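Asker: I would like the atomic coordinates for the input below:
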Amino acid sequence: MNKIPKDRKALIYIVVSILSLLIIWQIASYLLDSEILLPDVKTVFKDLLGLLFMKSFSLDILFTVYRAFKSFVIIVIAASILGIMGGRLKPIGYYLSPFLTVLKATPVMSVILLAFIWFKTGNVPVFSAFLMAFPIMYIQMENGFNNLEEEMNQMCSIYNFSKKDKLTHYLIPYLSKSFVLGAKQALSMIWKVVIAAEVLTVPNYGVGAKMQLSQMQLNTSSVLAWTLVAIILTSLSDLLFFTISKIITKLINSRKEKVAL
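Answerer: Numbers count the residues shown, from 1 in each chain. Next comes the predicted model:
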């Protein structure tokens, strides 16, 4: 009897898990017997399908994605540069350490509320997401630089690699793994913060804004439908980074083989 491939087996477990969640959801909805507390699966997915035909749906998605992407780009550039500097130059790492501690300990809601006082509605999600996700990306890049493989470093020195070869065949491939991991974790945080900020600030367009309006109307089914939209956006970004990480892993392995030869 042929064994089930690992990828297919993982897919089976994922499908079973999703079906289990839907069954639990449906049972809970039946027991509560209240559309306001917890509507059934069919109603929510019907509302989810209905969102696609809303005139503002594409704009809501576009503005949320724009805010998330804008914050993401700023974080990736700033945190990557400062993370590498903090790993290479210890005084910079020590100097930034208290700032990172404060950012990691500050509640998300506090940041959003303060940003709401300081900035226009549209800028609140971007600023809030930056402060919350910056430490994640920074720490990954700093640790990645600190954990550069000593043996590989020595090998580059022994074979007198030029700075260009060391950068292209060693540093970039090795740090790419930390970069992808930090970017993935940061983006997951960004989605949550951006949507939470939209819920509180209620801009003209945005997934979070529509969640808040649905909640004000006690339309729980619509809130859950928009929540599923947010989950889909996050899942798509995770899938993207999963694909990128596989490519990066292959690149790192090939570069290591070239260095070894």
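Asker: so residue 36, which of the three states?
Answerer: Here residue 36 is coil, with the state taken from DSSP: H, G, I helix; E, B strand; the rest coil.
Asker: any idea how far residue 57 is from residue 49?
Answerer: 11 Å (C-beta to C-beta, to the nearest Å). For glycine as for every other residue, the C-beta is placed from the backbone atoms N, C-alpha and C.
Asker: Please, where are all the helices along the stretch 1-150 of the chain?
Answerer: Counting by DSSP state H, counting those that start in this stretch, the stretch 1-150 of the chain has helices at residues 6-32, 41-51, 57-88, 90-105, 108-118, 124-146, 150-158.
Asker: Comparing those helices, which comes out most buried?
Answerer: Most buried of the helices of the stretch 1-150 of the chain by mean neighbour count (mean count of other C-beta atoms under 10 Å) is helix 124-146; its value is a mean of 24.
Asker: that older thread, intersection of neighbour lists for residue 49 and residue 57?
Answerer: With contacts defined as C-beta atoms under 8 Å, 6 or more residues apart in numbering, no residue is adjacent to both residue 49 and residue 57.
Asker: give me the number of residues near the residue nearest to residue 62 when sequence neighbours are not counted?
Answerer: Ranked by C-beta to C-beta, 6 or more residues apart in numbering and with sequence neighbours excluded, the top spatial neighbour of residue 62 is residue 205, at 7.5 Å. By other C-beta atoms under 10 Å, the residues close to residue 205 number 19.
Asker: what about residue 205, is that helix, strand or coil?
Answerer: Assigned with three-state DSSP, residue 205 falls in the coil class.
Asker: I'd guessed it sits against residue 60; true?
Answerer: Yes: proximity of residue 205 to residue 60 meets the contact threshold set by C-beta atoms under 8 Å, at 5.1 Å.
Asker: Find me the pLDDT at the nearest residue to residue 80 once chain neighbours are set aside, would you?
Answerer: Nearest non-adjacent residue to residue 80, counting by C-beta to C-beta, 6+ apart: residue 141, 5.3 Å away. On the pLDDT scale, residue 141 is placed at 91.
Asker: Check the spacing between residue 141 and residue 231 real quick.
Answerer: 28 Å.
Asker: try residue 108
Answerer: 18 Å.
Asker: ditto for residue 181
Answerer: Separation of residue 181 from residue 231 (C-beta to C-beta): 21 Å.
Asker: Neighbour count: the two, which is higher?
Answerer: residue 181 (19 against 11).
Asker: Look up how far residue 136 lies from that one.
Answerer: On the measure of C-beta to C-beta, residue 181 and residue 136 end up 10 Å apart.
Asker: now swap in residue 167 and tell me
Answerer: 25 Å.
Asker: where are the low-confidence patches of the stretch 1-150 of the chain?
Answerer: 1-7, 149-150 (pLDDT under 70).
Asker: Can you list phi and psi of residue 55 for me?
Answerer: Here is the backbone geometry of residue 55 (degrees, to the nearest 10): phi -60, psi -40.
Asker: Share the number of residues neighbouring it, please.
Answerer: Residues lying near residue 55 (other C-beta under 10 Å) number 6.
Asker: Check what contacts stretch 183-194 and list those residues.
Answerer: So stretch 183-194 is contacted by 64, 67-68, 71-72, 75-76, 79, 108, 111-112, 125-126, 128-129, 132-134, 136-137, 140, 208, 230, 233-234, 237-238, 241, 245 (C-beta under 8 Å, 6+ apart).
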